[in-house]
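got a structure for you, letters missing:
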């Protein structure tokens, strides 16, 4: 019989190997986990892997104090997971040590190392906490840290790194009233924040479609667009569909367009669960043309997603920054093309979940320089429940270190543009 929690820990080790050795995104790896792995174990595996990734550098520093050389991958992952459970997740040391030893014995290639795993894990349980208390948060990779320091300063980037190390609470956007039994803290912007996430599908109101998962920052672009009942609205690059749901819940006539059939299936599932309606279109936006102009368009453009590291700590290990140049070009093309589909007097919200100005401020500034028929429509952050410091030159520049004591938020750039009548 499996030890309690062992399947989740074994799955977490496989996820870590997939990210660190094979360069595969964590979300893709989770989709490949065995179908017979129960949902709670699947969620725990993902949580453990993410916890290790966002603290890999300091965890390995602790392990180095008790290792003369790095063991094979699966033994190393067992130790990393045990260290994370003890030092961060407050799992009882005897349980974390026992699970690490069982994980080592589970693989014929590492069974002979179970004694080493046991000794190192026990040393961590005795001496690791004092070492851990002196560790600084994990630093961002240089390809990202250097431009961020240039844009925001060293102190701000240090603050971002502290927030990244803590992970992210679970943020929910409500369709209407708060369902009975669903607990959380209501943020000023209207997001329900849960510090003990739990299994999402088991939360009160899930089956009734009373909410959907959406970071507090990601919920703001649709609020900035402010769709009205009956307006014809396009959600461009719509998947996984959180903004589509917001626009549909506001009563707009929504077209949700994305290039990925697989990701659009998630949009369809979310619409079905929440009992909301939108027209789903699978197409390449650079080749597609609507049959009529829109009152408003929300363009959540593809980007490096550097603002989402709280929730996606695998990104620094999978991406290199080389993607930035091609993405910036794609953002400019999508902005230019979608601007053609807006009615005179209509509005377009351009946003990216990136912290890099090259994927936010720069493309919007260049667009406005060449398009005298468009103007920037300033956003009032305080009217949205936010803080004045979120506004920079009329747009929203959101950062992970905002709301730091409450768990932070995703990094986002949001600009509202209006087509002159």
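Done, it's in. Because the structure is predicted, anything quoted here is derived from the model rather than measured.

And residue 397, its phi and psi?
Here the main-chain torsion angles of residue 397 (degrees, to the nearest 10) amount to phi -120, psi 100.

who's in contact with it?
360, 361, 390, 391, 412, 413 (C-beta atoms under 8 Å, 6 or more residues apart in numbering). All C-beta atoms are positioned from the backbone trio N, CA, C, and that covers glycine.

Restricted to strands, list those residues.
Counting by DSSP state E, those place 391, 412, 413 in strands.

ok, what's across the strand from the second one?
According to DSSP bridges, residue 398 are recorded as the beta-bridge partners of residue 412.

how many neighbours does it have?
Using other C-beta atoms under 10 Å, residue 412 has 28 neighbouring residues.

cool, the last one as well?
The number of residues packed around residue 413, counting by other C-beta under 10 Å, is 27.

One more: residue 318?
Residue 318: 16 surrounding residues under other C-beta under 10 Å.

For it, give me phi and psi.
phi -110, psi -40.

need the contact list for it.
So residue 318 contacts 19, 23, 24, 25 (C-beta under 8 Å, 6+ apart).

which SS class is the third one?
Assigned state for residue 24: coil (three-state reduction, DSSP: H, G, I helix; E, B strand; the rest coil).

How about it, nearest residue that isn't a chain neighbour?
Distances taken as C-beta to C-beta, 6 or more residues apart in numbering place residue 18 nearest to residue 24, at 4.7 Å, with adjacent residues excluded.

Put together a markdown table for the contacts of residue 397, with pLDDT and distance to residue 181 on each row.
Listed next are these as a markdown table, based on pLDDT from 0 to 100; distance: C-beta to C-beta, whole Å:
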| residue | pLDDT | distance to residue 181 |
| --- | --- | --- |
| 360 | 96 | 39 |
| 361 | 97 | 43 |
| 390 | 97 | 32 |
| 391 | 97 | 37 |
| 412 | 98 | 31 |
| 413 | 98 | 36 |
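
Residue 31: which of those is nearest?
Relative to residue 31, the closest of the contacts of residue 397 is residue 412; by C-beta to C-beta it sits at 25.5 Å.

what's near enough to touch the closest one?
Going by C-beta under 8 Å, 6+ apart, residue 412 touches 217, 218, 220, 221, 307, 351, 352, 353, 354, 396, 397, 398.

need the contact list for the fifth one.
Right, the one you point to is residue 307. By C-beta under 8 Å, 6+ apart, the residues touching residue 307 are 217, 352, 353, 354, 355, 398, 399, 400, 410, 411, 412.

Over to the last one?
Contact analysis of residue 398 by C-beta under 8 Å, 6+ apart lists 217, 220, 307, 390, 409, 410, 411, 412, 413, 414.

Give me the below-cutoff pLDDT ranges for this protein.
Counting by pLDDT under 70, the ranges of the chain that qualify are 1-4.

switch to 80 and redo it
The chain contains residues with pLDDT under 80 at 1-4, 197-198.

Show me what the longest helix seen in it is packed up against.
The longest helix of the chain (DSSP state H) is helix 323-339. For helix 323-339, the elements it packs on are strand 232-236, strand 294-300, strand 342-352, helix 361-370, judged by 3 or more C-beta pairs under 8 Å, 6 or more residues apart in numbering; DSSP states H and E.

for the third one, which positions count as buried?
Yep, that's strand 342-352 we're talking about. By neighbour count on 16 or more other C-beta atoms under 10 Å, the buried set for strand 342-352 is 342, 346, 347, 348, 349, 350, 351, 352.

any residues touching that strand, and which ones?
Strand 342-352 has contacts (C-beta under 8 Å, 6+ apart) with 221-222, 224-225, 293-301, 303, 307, 331, 335, 338-339, 359-360, 363-364, 367, 374, 377, 412-421.

Residue 80 versus the most far-flung residue of the chain relative to its centre, what's the distance?
Computed with C-alpha atoms, centre = their mean, the maximum C-alpha offset from the centroid of the chain is found at residue 112, amounting to 38.4 Å. According to C-beta to C-beta, to the nearest Å, residue 112 and residue 80 sit 19 Å apart.

how is the protein carved up into domains?
Listed by automatic domain parsing, the domain ranges of the chain are 6-132, 216-419.

hmm, back to that, and the longest helix of the chain, which residues are buried?
Buried positions in helix 323-339, judged by neighbour count with 16+ other C-beta under 10 Å: 324, 327, 328, 330, 331, 332, 334, 335, 337, 338, 339.

in what helix or strand does residue 122 lie?
Assigned by DSSP states H and E, residue 122 belongs to helix 114-123.

how far is that helix from where the chain is centred?
Counting by C-alpha atoms, centre = their mean, to the nearest Å, helix 114-123 is centred 34 Å from the centre of its parent chain.

Wait, a strand at residue 417?
Yes - counting by three-state DSSP, residue 417 is located in a strand.

Next secondary structure after the strand or helix carrying residue 79?
Taking DSSP H and E as the definition, one finds residue 79 inside helix 73-87. Heading C-terminal from helix 73-87, the first helix or strand you meet, by DSSP H and E, is helix 93-106.
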